[in-house]
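next input, structure requested:
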Amino acid sequence: MIPSRHDNPFASCWTQPKNQAYLFHAGESVDLLISRLENQGWWGQVFGPHGIGKSTLLTTLVDELSCRGYHIQLHPLRSAQCPRWLELPASPTANRRTIVIVDGYEQLRPWSAWWLRTQCRRRSAGLLVTTHRPCSLPVLACLAPNLEVVQRLVAKLSQHTPTSVTPSVVKASYTAHRGNVREILFDLYDRHERYRRGL
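Residues are numbered from 1 along each chain as shown. This is a model prediction of the structure:
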């Protein structure tokens, strides 16, 4: 029998970026990041290793920027093809509140990345990207593994669905997966199922 999503707090329906607010480290907040982005002329990069939470942070930023009246053009890249479908108005004035966001910027070929930067610059649009390695854009956030944040995330996910996954189990999974939050959550999903079935 396939378990209901309500049976497992680590089911993907709860953990996908669109369904989970980003948990900030102490001293950080969405307001602080948006203020930093504004000071950088609305250009910035969020970089860090696979599964660290870049897309989740991006979703949190997009939601807040949209609430503040900014026009967001979000492009999650799945190939090295540049998003030539960008529809930016020709008038620079019309773009002062437009921010182009690219999730997976490192997948672009050098000429494609140059084309994207050039188009945004010509139209005075903002540009925010996620990448696995530093690029030429100003740094908005550098994400790194953090056990305390992972423990907080697990506690939040299990508020409404109790789990036998303990902090020590979370720590062991964190170590085994080198802080990759995505892989940790996959692992905890399986562990929760085994515990629930008494295996």
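
quick one: contacts for Ile34?
The contact partners of Ile34, taken as C-beta atoms under 8 Å, 6 or more residues apart in numbering, are Leu61, Glu64, Leu65, Arg68. Quick note: C-beta positions are derived from backbone N, CA and C, even for glycine.

now list the buried members of those residues.
With burial judged by 16 or more other C-beta atoms under 10 Å, the buried subset of those is Leu61, Leu65.

show me the shaky parts of this structure.
1-6, 78-96, 199 (pLDDT under 70).

domains of it?
Split into domains by automatic domain parsing, the chain comes to 30-142, 146-196.

leaving out chain neighbours, which residue sits closest to the residue nearest the centre of the chain?
Nearest residue to the geometric centre of the chain (C-alpha atoms, centre = their mean): Ser55, 1.9 Å. Excluding the flanking residues, the one nearest Ser55 by C-beta to C-beta, 6 or more residues apart in numbering is Pro17, at 4.3 Å.

I'd like the domains of the chain written out as TSV, with distance to Phe24 added.
Putting the domains of the chain into TSV (distance: least, C-beta to C-beta, whole Å) gives the following:
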stretch	distance to Phe24
domain 30-142	7
domain 146-196	8
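
any idea which of the ones you listed gets closest to Asp7?
domain 146-196 (6.8 Å; C-beta to C-beta).

list the pairing partners of whichever strand or helix holds Gln73 within its sheet, with orientation.
Assigned by DSSP states H and E, Gln73 belongs to strand 71-76. Taking DSSP bridges as the criterion, strand 71-76 sits next to strand 98-103 (parallel) in its sheet.

can I get the next helix-or-strand element following the partner strand as PDB, trimmed to CA atoms?
Sequence order places helix 110-122 as the next helix or strand after strand 98-103, per DSSP H and E. Taking Å, rounded to 0.1, in the frame of the first residue of the first chain, the C-alpha atoms of helix 110-122 are listed here in PDB:
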ATOM      1  CA  PRO A 110      29.700  31.400 -21.600                       C
ATOM      2  CA  TRP A 111      28.200  33.200 -24.700                       C
ATOM      3  CA  SER A 112      24.700  32.500 -23.400                       C
ATOM      4  CA  ALA A 113      25.500  33.900 -20.000                       C
ATOM      5  CA  TRP A 114      27.000  37.000 -21.600                       C
ATOM      6  CA  TRP A 115      23.900  37.500 -23.800                       C
ATOM      7  CA  LEU A 116      21.600  37.200 -20.700                       C
ATOM      8  CA  ARG A 117      23.600  39.800 -18.700                       C
ATOM      9  CA  THR A 118      23.800  42.100 -21.700                       C
ATOM     10  CA  GLN A 119      20.000  42.000 -22.300                       C
ATOM     11  CA  CYS A 120      19.300  42.700 -18.600                       C
ATOM     12  CA  ARG A 121      21.800  45.500 -18.500                       C
ATOM     13  CA  ARG A 122      20.500  47.200 -21.600                       C
END
